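Visitor: Would you be able to build a 3D model of this:
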Amino acid sequence: MSVQDSADVIALLQMRLHSLNDLTLTLKHIHWNVVGPHFIAVHEMIDPQVDQVRAMTDDLAERISTLGGEPHGTPGALVADRTWDDYSIGRAEAIEHLGALDLVYTEIVKDHRAAMQATESSDPVTQDMLIEQLRGLELFQWFVRAHLENSGGRLSTDRAATEQAAARQAAEQARDQP
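Guide: Here you go, the predicted structure:
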């Protein structure tokens, strides 16, 4: 791998590392702040996701080091480099958190797929790692979406552009169901 290709891959991986570190914190935030009748189901669904996402961050950091980079895992580095806002839902019903979390996963999966495609020719080893991580991330999103879909496959958060809107739409659909 050329020095330039390695530097490009390291930069991609660093942003993925920030994204998944942020996801870990967001998942724990949801775990601590979920309430309502589906509390225990969501509370217990989240911790295995946290554990697996933490393992993904370790793989990313080790790949950065393997390529000659220095992984930056501090909160300050994450905040300085990220291009997204903090998760915006506090203490809320399970369905509201799941609506917002679906949007979080959508963005993470989209960005992970872009990184996967960007490494196709320059670093198939990194691409393979990203593909495996995508398998897990998409599975977690499916777990979340199973709570948000009706029997016809329509998501309650369809067309929501913000976490707040997704939370509101998910709550409205839950209230409207018999």
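
Visitor: Only the buried residues of the worst-scoring helix or strand of the chain on mean pLDDT, if you could.
Guide: One helix or strand of the chain scores below all others by mean pLDDT, DSSP states H and E: helix 163-176, with a mean of 91. Neighbour counts over helix 163-176 (16 or more other C-beta atoms under 10 Å) mark 163, 166-171, 173-174 as buried. Just so you know, the C-beta spots here come from the backbone N, C-alpha and C atoms, and that holds for glycine as well.

Visitor: helices or strands next to that helix in the packing?
Guide: strand 92-93, helix 94-118 (3 or more C-beta pairs under 8 Å, 6 or more residues apart in numbering; DSSP states H and E).

Visitor: Now render those as JSON lines, adding mean neighbour count and distance to Thr74.
Guide: Shown next, in JSON lines, are the helices and strands packed on helix 163-176 (neighbours: other C-beta atoms under 10 Å; distance: least, C-beta to C-beta, whole Å):
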{"stretch": "strand 92-93", "mean neighbour count": "20", "distance to Thr74": "29"}
{"stretch": "helix 94-118", "mean neighbour count": "21", "distance to Thr74": "20"}
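
Visitor: Would you mind putting these into a markdown table with mean pLDDT and distance to Met45 alongside?
Guide: Shown next, in a markdown table, are these (pLDDT from 0 to 100; distance: least, C-beta to C-beta, whole Å):
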| stretch | mean pLDDT | distance to Met45 |
| --- | --- | --- |
| strand 92-93 | 96 | 15 |
| helix 94-118 | 97 | 9 |
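
Visitor: Take these and write them to CSV, including distance to Ser151.
Guide: Below are these laid out as CSV (distance: least, C-beta to C-beta, whole Å):
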stretch, distance to Ser151
strand 92-93, 21
helix 94-118, 16
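
Visitor: and Gln14, which of those is closest to it?
Guide: Closest approach to Gln14 among the helices and strands packed on helix 163-176 (C-beta to C-beta): helix 94-118, 10.4 Å.

Visitor: Could I get the full set of strands for the protein?
Guide: Assigned by DSSP state E, the chain shows strands spanning 34-35, 92-93.

Visitor: which outside residues touch the first one?
Guide: By that I understand strand 34-35. Residues from elsewhere that reach strand 34-35 (C-beta atoms under 8 Å, 6 or more residues apart in numbering): 42-43, 46, 91-94, 97.

Visitor: can you tell me which helix in the protein is longest?
Guide: helix 3-33 (DSSP state H).
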